[in-house]
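Asks: Need a 3D model of the following:
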Amino acid sequence: MDTILKENERLDELHRNGYWIIQNPEKFCFGMDAVLLSGFAKVKAGECAVDLGTGTGIIPILLEAKTEGKHFTGLEIQAESADMARRSAAINHLEAKIDIVEGDIKEASSLLGAGKFDVVTSNPPYMTASHGLTNAGEAKKIARHEILCTLEDVIREGARLLRPGGRFYMVHRPFRLAEIISLMVACHVEPKRMRLVYPYADREPNMVLLEGLRGGRPRMTVEKPLIVYREPGKYTDEIYDIYGY
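Replies: Below is the predicted model:
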């Protein structure tokens, strides 16, 4: 595999279609939340999808591997992450199917075109700028805290990008669920499907996966819980399947 890695970068196997991704552990590496979102989102044959705040491009690459979607776009504000995402698309020979655009989520609909997409995905920063411990390093701060965009920005622009009947997918934290649903409804994205993710069967959920429909009617299905570990160090069969192991 011919690729040039920059300082502190590494090449990680994705266990899907023989694909790989470039990451820099000193900046930010994708987590389980991105992988779970790629397993929850549906992109049908012929559809175009966009990922808001794509980081190093993990979600577009995994969705290209897992679905029959026609084209995938990743929007990322950090130049270094966008560069890694483009190079990852290139090493997997996906330049014709994945575009990485450097830009601000707050301007997504003007940058990419309102009503142009069938599917929008996002694994946005979970914490408000004042919430929780602030990570050392600017890239990690931006990825985890609402420094450059807010939850409202993500949902508003996601709604604008969708065609009528298009689908919005997000992974977030349960403690902000009421806020998420309120914003989705205000932006005319009706919550249709929800799944809570539990680290263990006897613990509280620490992630929530949501699907919304642009212009949909009120009615939401709550799916069975997704359990990550059956015991310490051992994933459940469903998690192994989502990862492709």
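Asks: export the lengthiest helix in the chain as PDB, just CAs?
Replies: Counting residues, the longest helix found in the chain (DSSP state H) is helix 79-91. C-alpha atoms of helix 79-91 as PDB (Å, rounded to 0.1, in the frame of the first residue of the first chain):
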ATOM      1  CA  ALA A  79      -7.500  21.500   7.900                       C
ATOM      2  CA  GLU A  80      -5.200  18.800   9.300                       C
ATOM      3  CA  SER A  81      -8.100  16.400   9.900                       C
ATOM      4  CA  ALA A  82      -9.600  17.200   6.500                       C
ATOM      5  CA  ASP A  83      -6.200  16.400   4.900                       C
ATOM      6  CA  MET A  84      -6.000  13.000   6.700                       C
ATOM      7  CA  ALA A  85      -9.600  12.200   5.500                       C
ATOM      8  CA  ARG A  86      -8.700  13.000   1.900                       C
ATOM      9  CA  ARG A  87      -5.600  10.900   2.000                       C
ATOM     10  CA  SER A  88      -7.500   8.000   3.600                       C
ATOM     11  CA  ALA A  89     -10.100   8.200   0.800                       C
ATOM     12  CA  ALA A  90      -7.200   8.100  -1.700                       C
ATOM     13  CA  ILE A  91      -5.400   5.100  -0.200                       C
END
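Asks: Surely residue 156 is in a strand?
Replies: No: assignment of residue 156 by DSSP: H, G, I helix; E, B strand; the rest coil gives helix, placing it outside any strand.
Asks: Touching, it and residue 187? I think so.
Replies: Yes: Residue 156 lies in contact with residue 187 (C-beta atoms under 8 Å); the separation is 5.5 Å. C-beta coordinates here come from the backbone N, C-alpha and C atoms, glycine included.
Asks: I'd assumed residue 88 was in contact with residue 82.
Replies: No: Residue 82 lies out of contact with residue 88 (C-beta under 8 Å); the separation is 10.7 Å.
Asks: the more surrounded of these two?
Replies: residue 88 (27 against 21; other C-beta atoms under 10 Å).
Asks: looking at this, residue 230 is in a strand?
Replies: Yes: with three-state DSSP as the criterion, residue 230 is part of a strand.
Asks: contacting residues around it?
Replies: Neighbour list for residue 230: residue 236 [criterion: C-beta atoms under 8 Å, 6 or more residues apart in numbering].
Asks: next one: residue 21
Replies: By C-beta under 8 Å, 6+ apart, the contact set of residue 21 is 11-12, 14, 30, 56-58, 61, 88.
Asks: Put the buried members of these into a ChimeraX selection.
Replies: Those of these that count as buried under 16 or more other C-beta atoms under 10 Å are selected in ChimeraX with:
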select :12,14,30,56,57,58,61,88
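Asks: low-confidence ranges in this structure?
Replies: Along the chain, segments meeting pLDDT under 70 span 1-3, 126-148.
Asks: Swap in 50 and give it another go.
Replies: Low-confidence segments of the chain, defined by pLDDT under 50: 131-136, 139, 141-143, 145-146.
Asks: neighbours of residue 171, just the number please.
Replies: Residue 171 has 26 nearby residues by other C-beta under 10 Å.
Asks: same thing with the one 5 residues further on?
Replies: Residue 176 has 16 neighbours, counted by other C-beta under 10 Å.
Asks: which parts of the longest helix of the chain are buried?
Replies: Under the neighbour-count criterion of 16+ other C-beta under 10 Å, helix 79-91 has 80-89, 91 buried.
Asks: And stretch 185-205, end to end?
Replies: One end of stretch 185-205 to the other measures 23 Å (C-alpha to C-alpha, to the nearest Å).
Asks: Run the chain-centre distance for it.
Replies: 15 Å (C-alpha atoms, centre = their mean, to the nearest Å).
Asks: How about residues contacting that stretch?
Replies: Contacts of stretch 185-205 (C-beta under 8 Å, 6+ apart): 36, 40, 155-156, 158-159, 162, 168, 174, 181, 184, 206-229.
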